[in-house]
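Visitor: predicted model and sequence below, questions to follow.
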Amino acid sequence: MFTSIRSHQHRAVGLILRALVAGSLLILMSAIHQDTDDSGSHYIHPRHAMQ
């Protein structure tokens, strides 16, 4: 009983950590994307390429 509770908590902590990492990565990517858009760099966005 005790080990199952501990493993469940461990899994929950892992999920929370993974969500935090994914969220921070998304924020970083969007920030980098906005920077490249503002500077008008050579990075071609798929949406711009379609037009």
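Guide: On my side now, so go ahead. Numbering: from 1, shown residues only.

Visitor: which secondary structure element of the protein has the lowest mean pLDDT?
Guide: helix 46-50 (a mean of 61; mean pLDDT, DSSP states H and E).

Visitor: which neighbouring elements make contact with the helix or strand hosting residue 22?
Guide: Taking DSSP states H and E as the criterion, residue 22 maps to helix 2-39. If contacts are counted by 3 or more Cβ pairs under 8 Å, 6 or more residues apart in numbering; DSSP states H and E, helix 2-39 sits against no helix or strand. Every residue, glycine included, has its C-beta placed from N, CA and C.

Visitor: give me the buried positions along it.
Guide: Buried positions in helix 2-39, judged by neighbour count with 16 or more other Cβ atoms under 10 Å: none.

Visitor: got any ranges where this protein has weak pLDDT?
Guide: 1-3, 35-51 (pLDDT under 70).

Visitor: redo that, cut-off 90
Guide: The model of the chain has pLDDT under 90 over residues 1-10, 29-51.
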